[in-house]
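**Student:** predicted coordinates and the sequence they were generated for:
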Amino acid sequence: MNVAPPRRVADDELALCIATGASSLALPLDAGQVSRLVAYLRLIERWNETYNLTSIRDPRAMATQHVLDCLAATAALRRRRAPGDRRQLADVGSGAGLPGLVVGIALPDTRVVCIDSVGKKAAFILQAAGTVGARNVAALHARVEKISKREFDVVASRAFASLAEFVARTRHLVSDNGEWMAMKGKAPSDEIAALTDVAAEVEPLVVPDLAAERCVVWMRPDVSASK
């Protein structure tokens, strides 16, 4: 069966989708940031032909299911920051740079390290960050367990692993006052129940133009559990 190629979507249409979505999320983006996000989508589209970065092929769908999805989580992250708070964020299992590159473009005062164990994905992130001028975003090709202890304010993931596995594999990266940020679809009640020494908070998200459940699970070490 022949599969029709994705329809051509103009940059202006993608920019309008992203700008409108960001506005509805109360996440201020200037024209330059929107332009960088469109350029990032175009890079995913181009590299996808060889590296299969995402199963979504339609650029308009990518704008909604990838960029706006990550912007919804970025807006939630921004709400948790004090004014002038500069953060360091690690994106574990970053893949095509989601959410790390989107966070880095939307919050340029946040230092982001995108970590992936697949070399070609880390190479794409490095290329994309350089191309769109996201100087605050770095890429690291490594298994997260092999990374030396580092202190990040936020360790994020998007469909990386179960919550318990995510915490176990990245505990050495979280600073004393840091937290984990796990992007999920439906609130993962069973996964939360399996956590033993971590306090979890579920924040529902509304992603513009996406009729699907989304949430962020924020987690911190449970001090009371260690007493």
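**Tutor:** On my side now, so go ahead. As the structure is a computational prediction, the values presented were derived from the model and not from experiment.
**Student:** which residues in this structure form helices?
**Tutor:** 11-24, 31-51, 59-62, 69-79, 100-106, 119-132, 163-170, 189-193 (DSSP state H).
**Student:** leaving out sequence neighbours, find the closest residue to the spatially most central residue of the chain.
**Tutor:** In the chain, the residue lying closest to the centroid (CA atoms, centre = their mean) is Pro99, at 1.3 Å. Sequence neighbours aside, Cys70 is the residue nearest to Pro99 in space, at 3.8 Å (criterion: CB to CB, 6 or more residues apart in numbering). Just so you know, the C-beta spots here come from the backbone N, C-alpha and C atoms, and that holds for glycine as well.
**Student:** next, count neighbours for the one you found.
**Tutor:** Counted by other CB atoms under 10 Å, the residues lying close to Cys70 total 25.
**Student:** about what we covered before: I'd like the helices of the chain as CSV, with mean pLDDT appended.
**Tutor:** Output for the helices of the chain, formatted as CSV (pLDDT from 0 to 100):
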stretch, mean pLDDT
helix 11-24, 98
helix 31-51, 95
helix 59-62, 95
helix 69-79, 97
helix 100-106, 98
helix 119-132, 97
helix 163-170, 96
helix 189-193, 97
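**Student:** rewinding a little: do I have it right that the residue nearest to the centre of the chain meets Val154?
**Tutor:** No: if you go by CB atoms under 8 Å, Pro99 and Val154 don't touch, sitting 10.5 Å apart.
**Student:** mind naming the longest strand for this protein?
**Tutor:** The longest strand of the chain (DSSP state E) is strand 174-184.
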